[in-house]
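Student: need a structure here:
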Amino acid sequence: MLEELRENLEFVGISIAVFIGLLLLAIAAEKWIVGGVKKPPVAKRVAYIGMFAALAGALMCLEIPLFFAPSFYQLDLSEIPVMICAFSMGPVSGVVCELIKVVVKLLIKGTSTAFVGDFANFVVGCSMVLPASVVYHKVKTKKGAVISLVCGGVVMTVFGSLFNAIYLIPAFANLYGIPIDTIIGMGAEVNGSITSVATLVLFAVVPFNLVKAVVVSVVTMLLYKRVKRIIKMG
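Tutor: Next up, the predicted model:
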């Protein structure tokens, strides 16, 4: 009991520290790299972030299985509203929206992974949204938008894959008391080339993140300007 409580408190502490770290990174990037971001008034900005986060939270509940990945990797499109929010109002708004998105999803659907998967969704989502929004606000052109989304997709693919290998897969195994070999076996059921954590990441996580990056990037490019005009954010 005490050991479980210690682990839970440790996880909560890590989650809070990661959020604060990402928020401070976003603030620093917005101030020193971008040189400031033009934003609507505070009340309107809060309303917009809430609107994007609510839509993203709803989309996070809709998961799409992918044929090349085991069932615990399912695609959701929640990063699209978050990315539009970050493009519209900057990296800080993007990180805050990403957090609220996860809270909304938890209120609607709860968690099936003792919050580990939800934490991972937040961190990996930020790994795309944060660099993409920084680059976009530095070079606010159509070409800059393309470059920013490519940068965000590359960062998410690399970081997300390493994060899965180093933290998420072992944490998932420890949480449910499942041997890592069992998790690898679930991957082998959909792809016989998966025989280890490294191959699970290579043949499932990497293509999963690439697919997500491409879908988010394409839809964001199609919707961003239209959405921005509709809500009149400049």
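
Student: so where is the protein shaky, pLDDT-wise?
Tutor: Along the chain, the parts satisfying pLDDT under 70 run over 1-5, 7-8, 232-234.

Student: now the strands for it?
Tutor: For the chain, applying DSSP state E gives strands covering 64-65, 74-75.

Student: most packed of those strands?
Tutor: Ranked by mean neighbour count under mean count of other Cβ atoms under 10 Å, these are led by strand 74-75, which reaches a mean of 16. In short, each C-beta sits where N, CA and C put it, glycine included.

Student: which non-adjacent residue is nearest C61?
Tutor: Excluding the flanking residues, the one nearest C61 by Cβ to Cβ, 6 or more residues apart in numbering is K109, at 4.8 Å.

Student: Tell me, how many residues neighbour that neighbour?
Tutor: Here the number of neighbours of K109 (other Cβ atoms under 10 Å) works out to 15.

Student: what about it, distance to M51?
Tutor: Distance, K109 to M51, by Cβ to Cβ, to the nearest Å: 19 Å.

Student: Could you pull up the contacting residues of I178?
Tutor: Taking Cβ atoms under 8 Å, 6 or more residues apart in numbering, we find I178 in contact with F172.

Student: what residues are up against G36?
Tutor: E30.

Student: Distance-wise, check it relative to S78.
Tutor: Per Cβ to Cβ, G36 is found 28 Å from S78.

Student: who touches the residue nearest to the spatial centre of the chain in this structure?
Tutor: Nearest to the mean C-alpha position of the chain, by Cα atoms, centre = their mean, lies G125 at 1.2 Å. For G125, the contacting residues are S78, E79, V82, E98, K101, M156, by Cβ under 8 Å, 6+ apart.

Student: and the residue lying closest to S127 once chain neighbours are set aside, how many residues sit next to it?
Tutor: Of all residues not flanking S127 in the chain, F159 sits nearest, at 4.3 Å (Cβ to Cβ, 6+ apart). The number of residues packed near F159 is 17, by other Cβ under 10 Å.

Student: how far away is F159 from R45?
Tutor: Distance from F159 to R45, by Cβ to Cβ: 28 Å.

Student: What of L59?
Tutor: 21 Å.

Student: Likewise for V155?
Tutor: V155 is 25 Å from R45, where distance means Cβ to Cβ.

Student: How about L168?
Tutor: In this view, L168 and R45 are 32 Å apart by Cβ to Cβ.

Student: repeat for P65
Tutor: Computed as Cβ to Cβ, the P65 to R45 distance reads 36 Å.

Student: List the single closest residue to V135 in space, sequence neighbours excluded.
Tutor: Excluding its sequence neighbours, the residue lying closest to V135 (Cβ to Cβ, 6+ apart) is S148, at 3.7 Å.

Student: in terms of contact, does that neighbour touch T141 like I think?
Tutor: No: counting by Cβ atoms under 8 Å, S148 stays clear of T141, with 10.0 Å between them.

Student: quick one, which of the two is more surrounded?
Tutor: In this view S148 and T141 are compared by other Cβ under 10 Å, and S148 has more residues nearby, 26 against 10.

Student: could you list every residue that touches that one?
Tutor: Contacts of S148 (Cβ under 8 Å, 6+ apart): P131, A132, S133, V134, V135, Y136, V139.

Student: which one among those gets closest to L55?
Tutor: Using Cβ to Cβ, S133 is the member of the contacts of S148 that lies nearest L55, at 17.4 Å.

Student: Test my guess that the closest one contacts S88.
Tutor: No: at 9.3 Å, S133 and S88 do not qualify as touching, with contact defined as Cβ under 8 Å.
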